[in-house]
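[1] what would the 3D arrangement of this be:
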Amino acid sequence: MGENVTIRRLVKPTVNELDQIANIKTVTLGVDDSIIRAGTSSDEKLMYEFARSTAAGAAAGAHLYGAFIDHSDRIAGTIAFYGPGVEICGDEVQRSQGFDDFLKNLPSGTLAWWREFLPAYAAVSDATIGFGVKKASWTMNSFGVLPEFRGRGIGRALLEAGEALAREDGIPMIFEAEQKRNIAMYQHFGYSIVGEEHLKGGNGVQDFSLIILRKEFA
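    As a prediction, this is how the structure comes out:
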């Protein structure tokens with residue numbers, strides 16, 4: 001890495017840190033992530049609100065990390081990890097950090113998509129990799145590095161922060177990737193493809209698939 005990078009867990013992120021992480025997630029995930037686009041009707045303001053509320057939720061109820069550059073307050077990348085039994089925005093603590101307010105601001109059609117999508121998403125995961133397997137594992141979400149900092153080992157360093165948690169518990173890390181161009185990178189990091197989910201789009205987004213990846217730490 002050319003820069004001096006510090007991977008830091010954010011338990012009580014500042015306003016500036018949350019703003020940076022929301023921007024990173026919007027820049028890196030907003031264009032390619034079908035769930036974000038369908039769940040916000042591709043509205044950039046709503047994308048930002050979703051990114052910020054889920055980051056705040058992860059800090060409060062899960063594990064939110066940032067990659068800080070050169071001993072400054074600048075964040076180049078972010079990632080969130082959820083322990084066994086914990087799901088993104090899956091409890092009152094997380095939702096109270098802004099996600100419930102995000103839902104209240106959605107157009108009725110977009111809100112209806114979320115209500116149909118969330119149970120379908122959970123059911124497909126169980127059917128694809130086995131009932132309760134994902135819930136019993138560590139999971140990853142919201143992994144993004146700003147384009148100007150890619151290829152410098154920052155993404156790997158962020159990923160290793162959560163892998164240390166899974167290794168300590170001796171249980172797998174599981175997550176879904178939509179963009180097939182990233183699969184080879186994850187396989188290089190030791191992840192294996194264990195399934196594929198086919199999900200309905202909506203709000204201008206076509207139906208899409210997620211590749212499920214897993215790494216063992218037993």
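[2] show me how far the stretch of helix or strand Asp100 belongs to is from its chain's centre.
    Assessed by DSSP states H and E, Asp100 sits inside helix 100-104. In this view, helix 100-104 has its centroid 18 Å away from the chain centroid, taken as Cα atoms, centre = their mean, to the nearest Å.
[3] now stretch 84-94
    13 Å.
[4] and the next helix or strand past the helix holding Asp100?
    helix 108-129.
[5] right, and the helix or strand after that next one?
    Following helix 108-129 in sequence, per DSSP H and E, is strand 138-145.
[6] which other residues reach that following strand?
    24-25, 27-29, 51, 54-55, 58, 67, 76-84, 87-88, 154-155, 158-159, 162, 165-166, 169, 171-175 (Cβ atoms under 8 Å, 6 or more residues apart in numbering). Using the backbone N, CA and C atoms, a C-beta is placed for each residue, glycine as well.
[7] try stretch 78-86
    In contact with stretch 78-86 (Cβ under 8 Å, 6+ apart) are residues 21, 24-25, 54-55, 58, 61-67, 88, 135-144, 158-159, 161-162, 165, 169, 171.
[8] which members of the contacts of strand 138-145 occur in helices, if any?
    Under the assignment DSSP state H, the contacts of strand 138-145 contribute 24-25, 27-29, 51, 54-55, 58, 154-155, 158-159, 162, 165-166, 169 to helices.
[9] got a quick ChimeraX command for the buried subset of these?
    Here is the ChimeraX command that selects the buried residues among those (16 or more other Cβ atoms under 10 Å):
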select :24,25,28,29,51,54,55,58,154,155,158,159,162,165,166
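[10] gap between stretch 25-43 and the chain center?
    Distance, centroid of stretch 25-43 to centroid of chain: 12 Å (Cα atoms, centre = their mean).
[11] between the two ends of it, how far is it?
    End-to-end distance of stretch 25-43 (Cα to Cα, to the nearest Å): 14 Å.
[12] quick one: buried residues of that stretch?
    25-26, 28-30, 33-43.
[13] how about stretch 136-149?
    Result for stretch 136-149 [16+ other Cβ under 10 Å]: buried residues Ser137, Trp138, Thr139, Met140, Asn141, Ser142, Phe143, Gly144, Val145, Leu146, Phe149.
[14] distance to Val15 and pLDDT for those - can I get that in JSON lines?
    Conversion of the buried residues of stretch 136-149 to JSON lines gives the following (distance: Cβ to Cβ, whole Å; pLDDT from 0 to 100):
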{"residue": "Ser137", "distance to Val15": "33", "pLDDT": "97"}
{"residue": "Trp138", "distance to Val15": "29", "pLDDT": "98"}
{"residue": "Thr139", "distance to Val15": "27", "pLDDT": "97"}
{"residue": "Met140", "distance to Val15": "25", "pLDDT": "96"}
{"residue": "Asn141", "distance to Val15": "22", "pLDDT": "95"}
{"residue": "Ser142", "distance to Val15": "18", "pLDDT": "93"}
{"residue": "Phe143", "distance to Val15": "23", "pLDDT": "95"}
{"residue": "Gly144", "distance to Val15": "20", "pLDDT": "94"}
{"residue": "Val145", "distance to Val15": "22", "pLDDT": "96"}
{"residue": "Leu146", "distance to Val15": "19", "pLDDT": "95"}
{"residue": "Phe149", "distance to Val15": "22", "pLDDT": "93"}
